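>>> Sharing a sequence plus its predicted fold:
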Amino acid sequence: MPKKLSDYINPLFSLLISLPKGKIISYSIAAKSIGLDNPRNIGWILKQNKNPDTIPCFKVVLSNGKLAKGYKFGGQKEQQKRLKREGIFFDENGRILNFEQCKY
DNA sequence: CTTTTGACTGAGT
DNA sequence: AACTCAGCCAAAA
């Protein structure tokens, strides 16, 4: 019985909840961590998030250290705001500072 | 049933 | 640095 994509929702959300404060994760790393190989599927799963206050989906960023354009809960600005609250800082190009150190 | 659409990535130009 | 393009594959149209 092959797994469906929806079966990966809980593993991903668990992973996000378990991320230490101040840590972020890229789509590709997140995908590999839960056994997926297509990062686009992470985006699909995050869209299923009904509790953005419980599930820190704002911690998922692009592999180049910037933010995805389609963040569902208020756009890039809102996501950046939440990340700053975690102690993450951005340069003038919207790229995360110390990206390598923040990465999970 | 077929086509299009993504919260993407990595390689190539 | 900016821009394509193919690969990826479940969902939605």
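Okay, I see it.

>>> Contact residues of chain A facing DNA strand B?
A:26-28, A:39-44, A:46-47, A:49, A:52, A:57-58, A:60, A:62-64, A:68-73 (Cβ under 7 Å from any atom of the strand). Heads up, the C-betas are built off the backbone N, CA and C, glycines and all.

>>> quick one: which of the residues you listed sit in helices?
Residues of the residues of chain A next to DNA strand B located in helices (DSSP state H): A:27-28, A:39-44, A:46-47.

>>> Mind checking which of those are buried?
Among those, those scoring as buried are A:27, A:39, A:41-43, A:46 (criterion: 16 or more other Cβ atoms under 10 Å).

>>> Count the residues that sit near A:Gly70.
10 (other Cβ atoms under 10 Å).

>>> what pLDDT does it get?
Note on A:Gly70: pLDDT of 87.

>>> Same check on A:Pro2?
At A:Pro2, pLDDT is 66.

>>> and the spatially most central residue of chain A, bridged to which residues?
What sits nearest the mean C-alpha location of chain A, by Cα atoms, centre = their mean, is A:Val60, with 1.3 Å. Listed by DSSP bridges, the beta-bridge partners for A:Val60 are A:Ile25.

>>> which residues sit in contact with it?
A:16, A:24-27, A:30, A:42, A:46, A:68 (Cβ atoms under 8 Å, 6 or more residues apart in numbering).

>>> ok and the residue in chain A nearest DNA strand C?
When scored by Cβ to the nearest atom of the strand, chain A has A:Leu5 as its residue closest to DNA strand C, at 3.7 Å.

>>> Go ahead and confirm that residue touches A:Ile42.
No - assessed by Cβ atoms under 8 Å, A:Leu5 is found out of contact with A:Ile42, at 10.1 Å.

>>> which residues of chain A score low on pLDDT?
Within chain A, the segments meeting pLDDT under 70 span A:1-2.

>>> So which bits of chain A are right by DNA strand C?
The interface of chain A toward DNA strand C, taken as Cβ under 7 Å from any atom of the strand, is made up of A:4-6, A:37-41, A:44.
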